[in-house]
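Enquirer: Can you look at this prediction? I've put the sequence above it.
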Amino acid sequence: MHKVFVYGSLLRGLGNHRLLSDSTFLGEAATKPYFLMVDLGYFPGLIEDIDGVSIKGEVYEVSDEILHRLDMLEGFREHDPKNGLYNRKEIVTQFGTALVYIYNHHNRVYTSDRLVKDGDWRSHLTTKVR
């Protein structure tokens with residue numbers, strides 16, 4: 001089993017959450033303030049940044065099969081992780097060490113209107129729809 005921290009379309013009630021339907025929800029969590037969240041359109045990406053913010057999300061315990069499905073969704077390439085859409089990293093949460101998907105194209109320049117300043121994708125979606 002693996003613990004995974006999710007922060008975007010995999011959150012409860014959002015579009016890709018169905019992939020976690022057979023997984024165990026451990027609870028809501030927040031990262032240490034070392035990330036920036038970028039609005040990539042229909043989903044966010046996390047970028048590591050020492051001057052970042054805390055990211056709000058959820059932690060799940062998932063099987064090998066579910067982790068593989070998440071890897072497919074996130075474009076993670078196990079044998080070439082730096083060239084996938086996302087890479088995986090271990091972070092510490094209040095539920096122990098968990099995997100999180102980090103956006104690989106961090107070297108692009110993002111305008112401030114693309115940043116989710118409070119690190120909360122769900123909250124951002126409600127203001128984005130208005």
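Expert: Nice, I can see it.
Enquirer: If I look at Asn107, what pLDDT would I see?
Expert: What the model reports as pLDDT for Asn107 is 66.
Enquirer: Show me the helices in the chain, by range?
Expert: 64-74, 121-129 (DSSP state H).
Enquirer: Can you list the buried residues in the lowest-mean-pLDDT helix or strand in the chain?
Expert: The weakest-scoring helix or strand in the chain, judged by mean pLDDT, DSSP states H and E, is helix 121-129 (a mean of 86). Residues of helix 121-129 classed as buried: 121, 124-125 (neighbour count, 16 or more other CB atoms under 10 Å). Where C-beta positions appear, they are placed from N, C-alpha and C, glycine not excepted.
Enquirer: Dump these into JSON lines; add distance to Ala98 as well.
Expert: Output for the buried residues of helix 121-129, formatted as JSON lines (distance: CB to CB, whole Å):
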{"residue": "Trp121", "distance to Ala98": "17"}
{"residue": "His124", "distance to Ala98": "22"}
{"residue": "Leu125", "distance to Ala98": "22"}
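Enquirer: Which of those sits closest to Gly45?
Expert: Taking CB to CB as the measure, Gly45 lies nearest Trp121 of the buried residues of helix 121-129, at 10.4 Å.
Enquirer: isn't that closest one right up against Tyr42?
Expert: No: Trp121 is beyond contact range of Tyr42, at 10.9 Å (criterion: CB atoms under 8 Å).
Enquirer: From the chain's centroid, how far away is stretch 58-65?
Expert: The chain centroid and the centroid of stretch 58-65 are separated by 13 Å under CA atoms, centre = their mean, to the nearest Å.
Enquirer: which stretches of this structure have low pLDDT?
Expert: 106-111, 129-130 (pLDDT under 70).
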